[in-house]
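In: I need the structure of the sequence given here:
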Amino acid sequence: MSMHIDPQATGNLLWFGNTVVSVKLSSQSGSDGISVIEHWMPFGEAPPLHIHQREDEVFHILGGVMRFRVGDQEITAGTGDTVMAPKGVPHAFRVESTEGAHCLTIMQGSDFETMLRQASRTAERPNLPEAMAPSSEMIERLVAICAANKIDIVGPPVS
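Out: Now for the predicted structure:
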């Protein structure tokens, strides 16, 4: 899948699974520990149901459509919408738009940012990586990295 990735982000792009992320503002940048992370995701991208123990996760949709499960709620959000996944509440999403989705996540704390940095690899080019299904070893590694950063995997992705 071809997706427009901001050329200004080149140099600090990471491949996280089948997505591209860019840390726009590190939690280390200010005294409040706020991070802003930009994501480019293909159609169908769906992380497992998970819980952040110490961080609220705010999603601001820059392009595309995403369907969220936050606790018992199902929310469909598109360009310009903002969705909150409070800490301690199970949540997940699925990219519904065929062109993919582009969003920001904003969090206070370093857990999510640290997990992303530990679980990602430097992007070889400013495009989505070749799509691949995760191996059992990749899943085990991600679950361990998440647990070390106070993020619990608690269920399957949104289907």
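In: Can you name the helix or strand that residue 66 falls in?
Out: Here residue 66, judged by DSSP states H and E, is contained in strand 65-70.
In: For that strand, name the packing helices and strands.
Out: Packed against strand 65-70 by the contact rule (3 or more CB pairs under 8 Å, 6 or more residues apart in numbering; DSSP states H and E) you find strand 73-78, strand 82-85, strand 91-95, strand 101-108. To be clear about C-beta, it is placed using only N, CA and C from the backbone, and glycine gets the same treatment.
In: what does it contact?
Out: Strand 65-70 has contacts (CB atoms under 8 Å, 6 or more residues apart in numbering) with 49, 59, 74-78, 83-86, 89-97, 101, 103, 158.
In: partners of that strand, with directions?
Out: Neighbouring strands of strand 65-70 in its sheet, by DSSP bridges, are strand 73-78 (antiparallel), strand 91-95 (antiparallel).
In: what ranges of the chain fall below the confidence cut-off?
Out: Low-confidence segments of the chain (pLDDT under 70): 1-4, 6-11.
In: What residues sit buried inside the helix ranked longest in it?
Out: If you go by DSSP state H, the chain has its longest helix at helix 136-148. By 16 or more other CB atoms under 10 Å, the buried positions in helix 136-148 come out as 142, 145, 146.
In: Likewise for stretch 66-81?
Out: Within stretch 66-81, the residues scored as buried using 16+ other CB under 10 Å are 66, 67, 68, 69, 70, 75, 77.
In: Phi first, then psi, for the residue most central in space within the chain.
Out: Centroid check for the chain by CA atoms, centre = their mean gives residue 39 as the closest residue, at 6.3 Å. As for residue 39, its main-chain torsions (degrees, to the nearest 10) stand at phi -130, psi 140.
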